[in-house]
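Colleague: Predicted model follows, preceded by the sequence.
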Amino acid sequence: MRGKLLFKTILIVLLVAWALYALWPTFRLYTLTADQKAEYASSGRLIPIMNKSVRLGLDLQGGMYVTLEVDLPTLIQQLAKVQDETLNRLIESSKQEMNVSSEDFLVILNRHFVKENIPFNRYWGEYGDSNAKILDYLNKQASEAMNRSLEILRNRVDQFGVSEPSIQHMGTTRILIELPGISDTEQAKNLIGKTALLEFAMLKDQSVFGETIDRIDKVVAADRKGPAAKPAAAEPAAKDADRKDADRKDAQDKAISVGELFGESGAAGEANGDTSVVVDEGTFEENPFISLLRNTQGGHEVSVPIENVKAVDRILAREDVRNCIPPDAQLLWSSETHNVGDKVFRELYLVKKEAELTGKYLTNAQVTIGQDVQSAGRPEVNFELNRQGARIFSRVSGANIGKRLAIILDKRVVSAPTIQTKIPDGRGRITGIGDMQEAKMMQIVLRAGALPAPVSIIEERVIGPSLGLDSITKGAWSALIASILVVVFMLVYYRGAGIIANIALFLNILILIAALAQFRFTLTMPGIAGIVLTIGMAVDANVLIFERIREELTAGKTVRAAIEAGYTKAFTAIADANVTTILTAIVLYYFGTSAIRGFAVTLMIGLVVNLFTAIVVTRTIYDHITSRFTLTKLSI
């Protein structure tokens, strides 16, 4: 008897010691002042404390809720071995139908192909493959793309340092992300919404760039003058390009309306973008497109005043203008702007469409501070390629010494350094990055890898810290009031036995919250409701035991015999009630959403702990009392 009692006592003491140890980081975190938190964060000591403390859900500490949609049509189109107008039309019509239908995109696409009697093997698979076989292949690719997207987003968010994010599938094309405690929502959106496609592509020759701009300018000029206008004969390309470079360097800026640039009425011009652009007054009439450009840096790129970027984009989107661009090239903007005096410019590059190398060969990326003359003191990202990527990089760099290689991230040119020598070791660096924060974001997305398909944010909600604080306050008050009412009731109704029940209740809550911290569960508002329900279930177990003991005492049994009989007879009812409720909580957790899961987790843990505190802890206290004192009456 004494050995059994000693074992139970040691077990209870060890559990209480573990609970206090598990809750110490939580106590430390929530007693830190704002200055102390800033100091801990700068020294790197805050994250370990946060990782060991009770995690608060989105509804309690505020944060961001985002729903992403994976662009499945674009993925399917990228998988095609042939790109033509027929495929574009079928993809687009299927996409439009998907937007107003609940059917899967591939089911709709299959119907369109069958309707026009076009076999899938024209665009996917091998010749002779059936539609069913190719459809199965495309479904697998879509499923793998969703799984890869989920994993990549998890890696990005984990490296971003968000505590206890929630990332899960929603249907076939959507991903739900919850980021508790996030403060910079724009930064978070850029992180999770970026495709992060890294490419290395050569710039086209400067003479080709000059000819391309000249052709675009003639198309725009002819359009402004009307259908009957005929472009003047072109001068020799090199001479023409040199003249226009000079014009752009010595430009005399003049602000005009967008309507005047495109020959539109004022209302029509304003409807299409900015209300004004800056042109070179000396060249505007004869060369309207060139008048929008400047040559602030020389070389392969052209500078565009920030006020003109939308107008240039509008021109470049025209079908007749796109026909002026070489079929193996594309015009891309720089990722960053630059200042010349008080004016802001963005660079425009003519880059080869076919990338020499992509980010799939990248194995590591690390932020460093530049040491050479050009980038001294500025952040840069050093990267390493795997063996296959290093071989390709060595071949490309060796064959293009003296030429410029564009480093492109999500169709924006981050930098375009000149290749000085052959690079055999597969190492490189990305310079021209705005600040350290941007460099860290680039490091994260490059390490995690590119998303297999573009994603778009279709819904976002930001829960402010004030709403989270209000939820915490109300939730804490509800749990506190419930606990006080239960404690008072047990003391008034059961007197001395009520004190023992309240000790067990206190230990129940202590061990429950410690388990949440230790096993990295998240406490949500529904979770607080689960704690309140656990308090009620804990009291219910003690009520069953005490009423049984009362019955045994009324029947004339001794105190020790009544306690023994009370616990024995009440055990079946207590176990039945708790086990059936635990099974219900398991079902809720398995089939429920994140909010329901928060309730189910606290309820399950609370009920398991309740079985221990209500039966083992209170019985151990009674055993200690009856082993030391001979009781003739029991305060119950």
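Modeller: The structure has been received and is ready for your questions.

Colleague: quick one: low-confidence parts of the stretch 501-636 of the chain?
Modeller: Flagging of the stretch 501-636 of the chain using pLDDT under 70 yields the residue ranges 594.

Colleague: Sketch out the strands for it, chain order is fine.
Modeller: In the stretch 501-636 of the chain, the segments counted as strands under DSSP state E, counting those that start in this stretch are 522-523.

Colleague: And the helices in the stretch 351-500 of the chain?
Modeller: Under the criterion DSSP state H, counting those that start in this stretch, the stretch 351-500 of the chain contains helices at 387-399, 436-448, 465-494, 496-518.

Colleague: packing partners for the third one?
Modeller: This means helix 465-494. On a contact count with 3 or more C-beta pairs under 8 Å, 6 or more residues apart in numbering; DSSP states H and E, helix 465-494 meets helix 58-61, helix 496-518, helix 525-554. Every residue, glycine included, has its C-beta placed from N, CA and C.

Colleague: again with the first one
Modeller: Where contact means 3+ C-beta pairs under 8 Å, 6+ apart, helix 387-399 is packed against strand 198-202, strand 357-358.

Colleague: which stretch in the ones you listed has the least confidence?
Modeller: Mean pLDDT is lowest for strand 357-358 among the helices and strands packed on helix 387-399, at a mean of 86.

Colleague: any residues touching that strand, and which ones?
Modeller: Strand 357-358 is contacted from outside by 197-200, 385, 389, 392-393, 396, using C-beta atoms under 8 Å, 6 or more residues apart in numbering.

Colleague: just to revisit the earlier point, in CSV: the helices and strands packed on helix 387-399, plus mean neighbour count and distance to Asp372.
Modeller: What follows is these, written out as CSV (neighbours: other C-beta atoms under 10 Å; distance: least, C-beta to C-beta, whole Å):
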stretch, mean neighbour count, distance to Asp372
strand 198-202, 22, 20
strand 357-358, 20, 23
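
Colleague: Export the ones you listed to JSON lines and append columns for distance to Val488.
Modeller: Formatted as JSON lines, the helices and strands packed on helix 387-399 follow (distance: least, C-beta to C-beta, whole Å):
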{"stretch": "strand 198-202", "distance to Val488": "65"}
{"stretch": "strand 357-358", "distance to Val488": "68"}
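
Colleague: about what we covered before: most neighbours per residue, which of the helices and strands packed on helix 465-494?
Modeller: A comparison of the helices and strands packed on helix 465-494 by mean neighbour count, using mean count of other C-beta atoms under 10 Å, puts helix 58-61 on top with a mean of 24.

Colleague: Mind giving me the packing neighbours of that one?
Modeller: strand 174-180, helix 465-494.

Colleague: I'd like the next helix or strand past that helix.
Modeller: Beyond helix 58-61 in the direction of the C-terminus, DSSP states H and E gives the next helix or strand as strand 63-70.

Colleague: Partner strands of that next one and their direction?
Modeller: strand 174-180 (antiparallel), strand 455-463 (antiparallel) (DSSP bridges).

Colleague: So for that strand, what gets flagged as buried?
Modeller: 63-66, 68-70 (16 or more other C-beta atoms under 10 Å).

Colleague: Give me the residues contacting that strand.
Modeller: Outside of strand 63-70, the residues within contact range by C-beta under 8 Å, 6+ apart are 58, 145-146, 149, 153, 170, 173-182, 185, 188-189, 192-193, 451, 453-463, 468.

Colleague: can you give me the mean pLDDT across stretch 314-328?
Modeller: Per-residue pLDDT values over stretch 314-328 give a mean of 92.

Colleague: just the helices in the stretch 151-300 of the chain please.
Modeller: For the stretch 151-300 of the chain, the helices identified by DSSP H, counting those that start in this stretch occupy 185-193, 206-225, 237-249, 258-262, 266-271, in order along the chain.

Colleague: circling back to that earlier point, closest to Leu588 out of the contacts of strand 357-358?
Modeller: Nearest to Leu588 among those is Leu197, at 40.8 Å by C-beta to C-beta.

Colleague: Quick check: that closest one touching Gly449?
Modeller: No - counting by C-beta atoms under 8 Å, Leu197 does not reach Gly449; the two are 9.8 Å apart.

Colleague: anything in contact with each of those two?
Modeller: With contacts taken as C-beta under 8 Å, 6+ apart, the residues that reach both Leu197 and Gly449 are Gly359.

Colleague: what's the neighbour count on Leu348?
Modeller: By other C-beta atoms under 10 Å, the residues close to Leu348 number 21.

Colleague: Closest to the centroid, which residue in this protein?
Modeller: With distances taken as C-alpha atoms, centre = their mean, Ile192 lies nearest the centre of the chain, 3.6 Å away.

Colleague: Give me the pLDDT value at it.
Modeller: Looking at Ile192, its pLDDT stands at 80.

Colleague: With Val157 as the reference, measure out to it.
Modeller: In this structure, Ile192 and Val157 are separated by 7 Å, where distance is defined by C-beta to C-beta, to the nearest Å.

Colleague: quick one: common contacting residues for the two?
Modeller: Looking at what touches both Ile192 and Val157 (by C-beta under 8 Å, 6+ apart), the common residues are Ile177.

Colleague: In a markdown table: the contacts of strand 357-358, plus distance to Ala476.
Modeller: Output for those, formatted as a markdown table (distance: C-beta to C-beta, whole Å):
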| residue | distance to Ala476 |
| --- | --- |
| Leu197 | 46 |
| Leu198 | 47 |
| Glu199 | 52 |
| Phe200 | 55 |
| Leu385 | 53 |
| Gly389 | 54 |
| Ile392 | 59 |
| Phe393 | 57 |
| Val396 | 61 |
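
Colleague: Residue ranges in the stretch 1-150 of the chain under the pLDDT threshold?
Modeller: Counting by pLDDT under 70, the stretch 1-150 of the chain has low-confidence residues at 1, 42, 44.

Colleague: got a list of what the residue nearest to the centre of the chain touches?
Modeller: When contacts are counted by C-beta under 8 Å, 6+ apart, Ile192 touches 66, 68, 153, 156-157, 177, 455, 457.

Colleague: now those in CSV, with distance to Ile49?
Modeller: Formatted as CSV, those follow (distance: C-beta to C-beta, whole Å):
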residue, distance to Ile49
Val66, 27
Leu68, 31
Leu153, 26
Arg156, 23
Val157, 20
Ile177, 25
Val455, 33
Ile457, 32
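
Colleague: thinking again about what came up before, ok, now how distant is the residue nearest to the centre of the chain from Gly530?
Modeller: 30 Å.

Colleague: Give me the pLDDT value at the closest residue to Ile528 other than its chain neighbours.
Modeller: Nearest non-adjacent residue to Ile528, counting by C-beta to C-beta, 6 or more residues apart in numbering: Gly475, 3.9 Å away. At Gly475, the pLDDT value in this model is 73.

Colleague: Am I right that Gly475 is in contact with Gly530?
Modeller: No - taking contacts as C-beta under 8 Å, Gly475 lies outside contact range of Gly530: 11.0 Å.

Colleague: Torsion angles phi and psi at the spatially most distant residue from the centre of the chain?
Modeller: Counting by C-alpha atoms, centre = their mean, the extreme residue of the chain relative to its mean C-alpha position is Gly556, 67.5 Å from that point. The main-chain torsion angles of Gly556 are listed as degrees, to the nearest 10 and equal phi 100, psi 10.

Colleague: Tabulate the helices and strands packed on helix 58-61 (CSV), appending mean neighbour count.
Modeller: As requested, the helices and strands packed on helix 58-61 are exported to CSV (neighbours: other C-beta atoms under 10 Å):
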stretch, mean neighbour count
strand 174-180, 21
helix 465-494, 15
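
Colleague: Any idea which of these gets closest to Val445?
Modeller: Distances from Val445 to each of the helices and strands packed on helix 58-61 were compared using C-beta to C-beta; the minimum, 15.1 Å, belongs to strand 174-180.

Colleague: any idea how far Glu281 is from the residue farthest from the centre of the chain?
Modeller: Between Gly556 and Glu281 the distance is 113 Å, computed by C-beta to C-beta.

Colleague: cool, and Ser101?
Modeller: Distance of Ser101 to Glu281, computed by C-beta to C-beta: 54 Å.
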